[in-house]
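Student: Prediction below, plus the sequence it came from.
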Amino acid sequence: MNSVSRRSCTPMLFLALAIFVVPRLRAQVDVLTQHNDNARSGANLRETTLNTSNVNKDHFGKLASRTVDGNVYAQPLVVSGALISGRESPTNVVIVATENNSVYAFDAEDTDRASTKALLWHTGPTVLGEHIESRELYARIGTPACGDLTTKIGITGTPAIQISKPGSPKEGTIFVAAKSKSGSGYVYKLFALSLATGEQIAATEIEGEVAGSGIGSTGNGQNRVIAFDPMYELNRPALLLNGNTLYVAFGGHCDQGPYHGWVMAYDVSDPKTPKRLAVFCSTPNGKGGDEEGRAGIWMSGEGPAADDSGDVYFVTGDGTNNAATDFGDSVVRVRLDAGKLQIQDWYTPSNQEVMKNNDVDLGSGGTALIPNTHLLMTGGKEGRAYLIDRDRMGKGDGTPLQSFQVTHEPQPPNYYCLHGTPVVWSRADHMYVYFTGEEDPVKQYRLVPAADASGGWRFESDKPYRKSSDCPTAPQCVSAPFPNSLGNNSGRTRKPSIWMPGGFMSISANGSEEGSGILWVNMPYAANANHTVVRGVLRALDASDLSKPELWNSEGTGDDKEQLGLFAKFSPPTVANGKVYVATFEEETVGKDGIHRLAPGGQPASVAIYGLKCDGAASTGGEKSALFCHSERSEESLLDLSPRK
């Protein structure tokens, strides 16, 4: 008989199917620093899985959520093909840091919601120090009802990852700055952790001083100095690793002084023994009234940026500006030279004094260095964007190449702020730059080659090329929330304060390929997130044209399991290797005394993982197959090819 038994056919059938369904091997992407690179572009331009055809409610959604022990202000980071203790093969890892002074490593590809193997390692407060209760710290510095950062204070700035062995598997070090209790006081420490195990490699107390007679100085005459005070200072900005030099920047808590902006530079060529190289203070001689000194470096969590020559850029907040030693409300370029962070140039708006006196920080935003140019973009609480020639910033007396109002016109004392940085998508003959501000739609501008002979780039208009509020279903279009925003986007009602903080963006694309560009936005869903923990939403927009209908959002499927959770302020989504990782906060209550406390039994903080629910069907448009689909069933059941009734 020429027949073959069914039993012997099954493995042959499986092998034949496997030939067709095994996904193509793709180059894996790492996100080792906040907003993807040291230019802070916010762009992953090597995303070959997610595109405008498959990011929709049928094929894309929430795959899993990993609970952590405190709020996550830091952007999740991703390392592909890492050496992990206890794993036989290279593992894709997502790194998450919390305000409880914990760092977690999760398997970035494990999307089993009930997985017991997703947690690879966890390094917590026993190593990184006991967190500080926000109400305790705020009482100590004289502002007990402050709600800027609650309820725990520990790790706020996004870590930086150094890869020491770039092959497969990768080996490396995670650098993180943690604030903790120290006796009756407080301390900041720089930790180096093993990527493979989470074990401590080094712990270095962050300290330093500079000559100066400003607020908080000690000593006499020309010997007066200002010392870094960890009680008042906050490392909100992401860490910057440029080569073997690590930069850690600081601002203050709740605008309560005496505080100053600080940048510390460390040699981390040997992670076991970090060595401090230089200390910079933004206002060493600032003194006088309540608005003097200060000039904190906070940038809504953005990290300092670095160019190819090694120069470092950051933006300061309100504070003293004398155009000599003190640089409030300025974009500053420094260079590490001869053991000092030397100021090379800076840009200060002509209305800096007004900005300082009205709490309209330029430094609510960071700097995005425009790819393959000598330009940078920034924007602050005025809601105004600045395009600056970073080779000719003007030493405090220059003018930007272009400046225009992005958000609604200010209505002093109300301003519609920009937070964080714009993100940039570089195309063949133009670039798209995206902004999202308070109570504002998401806006898309075009940078094009300059019409003159300068060889530079300019915005073709100070008006948006496209904006999400122009969608076909207006007035139900994408916007940062404002009062009555769910009722009717055209029916704006004014409240005593503007709803904060807008949105935080990342972009993914496969180079400049059409149909591949997606703008991802993490924002509050329908409430003011200023000093309040509120529901969040993850949105996906067609990056080529924001006026097109929204591709997908985590509230738009009708399935509660798709929801993001509680909005993580200042934390952009991380897109890598076909997945999107988004931080969330833990639930709080606010008492009549204004004090924030954890809500008993409330939602925990987490990192949510989104991706394709049915990879094969999504990429080919064909019929769904169990071999492609993420499922509640076990891996073994997915390989069971027997007929089902």
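Tutor: Good, I have the coordinates. Residues are numbered from 1 along each chain as shown.

Student: Quick one: the strands in the stretch 51-200 of the chain, in order.
Tutor: Ranges of strands in the stretch 51-200 of the chain, per DSSP state E, counting those that start in this stretch, are 60-67, 77-82, 91-98, 102-107, 119-123, 132-133, 152-153, 160-165, 171-182, 185-194, 200-205.

Student: Which stretches in the chain count as helices?
Tutor: Secondary structure of the chain (DSSP state H): helices at 6-21, 125-128, 134-140, 352-357, 615-620, 635-638.

Student: weakest of those helices by average pLDDT?
Tutor: Mean pLDDT values for these show the minimum at helix 635-638, a mean of 31.

Student: ok, back up a step: out of the strands of the stretch 51-200 of the chain, which is the most enclosed?
Tutor: Ranked by mean neighbour count, those are led by strand 91-98 with a mean of 26 (mean count of other CB atoms under 10 Å). Where you see a C-beta, it was placed from the backbone N, CA and C, and this is true even at glycine.

Student: could you check the angle strand 60-67 makes with that strand?
Tutor: For strand 91-98 against strand 60-67, the angle by axes from the mean of the first three to the mean of the last three CA atoms, to 10 degrees is 60 degrees.

Student: Strand 91-98 packs against which elements?
Tutor: strand 77-82, strand 102-107, strand 606-612 (3 or more CB pairs under 8 Å, 6 or more residues apart in numbering; DSSP states H and E).

Student: Quick check: which of the ones you listed is nearest to Tyr415?
Tutor: strand 606-612 (31.3 Å; CB to CB).

Student: so what strands line up beside the closest one?
Tutor: strand 60-67 (antiparallel), strand 579-585 (antiparallel) (DSSP bridges).

Student: Test my guess that Leu566 contacts Thr584.
Tutor: Yes. Leu566 lies in contact with Thr584 (CB atoms under 8 Å); the separation is 5.2 Å.

Student: More neighbours: those two, which one.
Tutor: Of the pair Leu566 and Thr584, Thr584 is the one with more neighbours under other CB atoms under 10 Å, namely 28 against 25.

Student: quick revisit: reformat the strands paired with strand 606-612 into a markdown table and put distance to Pro572 and mean pLDDT next to each item.
Tutor: Below are the strands paired with strand 606-612 laid out as a markdown table (distance: least, CB to CB, whole Å; pLDDT from 0 to 100):
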| stretch | distance to Pro572 | mean pLDDT |
| --- | --- | --- |
| strand 60-67 | 18 | 98 |
| strand 579-585 | 9 | 98 |
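
Student: Include distance to Gly611 when you put these into a markdown table, please.
Tutor: Shown next, in a markdown table, are those (distance: least, CB to CB, whole Å):
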| stretch | distance to Gly611 |
| --- | --- |
| strand 60-67 | 5 |
| strand 579-585 | 4 |
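
Student: To Val29, which of those lies closest?
Tutor: That would be, of the strands paired with strand 606-612 and by CB to CB, strand 579-585, which comes in at 10.2 Å.

Student: Just want the angle from the closest one to strand 77-82.
Tutor: 140 degrees.

Student: Just the CA trace of strand 579-585, in CSV.
Tutor: Written as CSV, here are the backbone C-alpha positions of strand 579-585 (Å, rounded to 0.1, in the frame of the first residue of the first chain):
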residue,chain,number,x,y,z
LYS,A,579,7.3,46.1,20.6
VAL,A,580,6.3,49.3,22.4
TYR,A,581,7.2,49.6,26.1
VAL,A,582,5.4,52.2,28.2
ALA,A,583,5.9,53.1,31.9
THR,A,584,2.9,53.7,34.2
PHE,A,585,2.5,55.1,37.7
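
Student: Would you reformat the helices and strands packed on strand 91-98 as JSON lines and include mean pLDDT and distance to Val448?
Tutor: Output for the helices and strands packed on strand 91-98, formatted as JSON lines (pLDDT from 0 to 100; distance: least, CB to CB, whole Å):
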{"stretch": "strand 77-82", "mean pLDDT": "98", "distance to Val448": "33"}
{"stretch": "strand 102-107", "mean pLDDT": "98", "distance to Val448": "42"}
{"stretch": "strand 606-612", "mean pLDDT": "98", "distance to Val448": "33"}
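
Student: sorry, back to before: common neighbours of Leu566 and Thr584, please.
Tutor: 536, 603, 605 (CB atoms under 8 Å, 6 or more residues apart in numbering).

Student: of all the helices and strands packed on strand 91-98, which lies closest to Ile297?
Tutor: That would be, of the helices and strands packed on strand 91-98 and by CB to CB, strand 77-82, which comes in at 20.9 Å.

Student: Not counting its own residues, what contacts that closest one?
Tutor: 28-33, 90-95, 108, 158-159, 161, 163, 168-172, 195-196, 574, 576-577, 581.

Student: repeat that with 6 Å
Tutor: 28, 30-31, 90-95, 108, 161, 168-170, 195, 576 (CB atoms under 6 Å, 6 or more residues apart in numbering).

Student: now stretch 112-127
Tutor: With CB under 6 Å, 6+ apart as the criterion, stretch 112-127 contacts 64, 84, 101-107, 110, 193, 197-198, 200.

Student: Tell me, how many residues neighbour the residue lying closest to Ala27 once chain neighbours are set aside?
Tutor: Nearest residue to Ala27, sequence neighbours excluded (CB to CB, 6 or more residues apart in numbering): Arg46, at 6.4 Å. Residues contacting Arg46 under the criterion other CB under 10 Å number 16.

Student: can you tell me how far Arg46 sits from Ser516?
Tutor: Counting by CB to CB, to the nearest Å, the separation of Arg46 from Ser516 is 10 Å.

Student: Most neighbours among the shared contacts of Leu566 and Thr584, which one is it?
Tutor: Result: Gly536 is most packed of those (other CB under 10 Å), 27 neighbours.

Student: who's in contact with that one?
Tutor: 564, 566-567 are the contacts of Gly536 under CB under 6 Å, 6+ apart.
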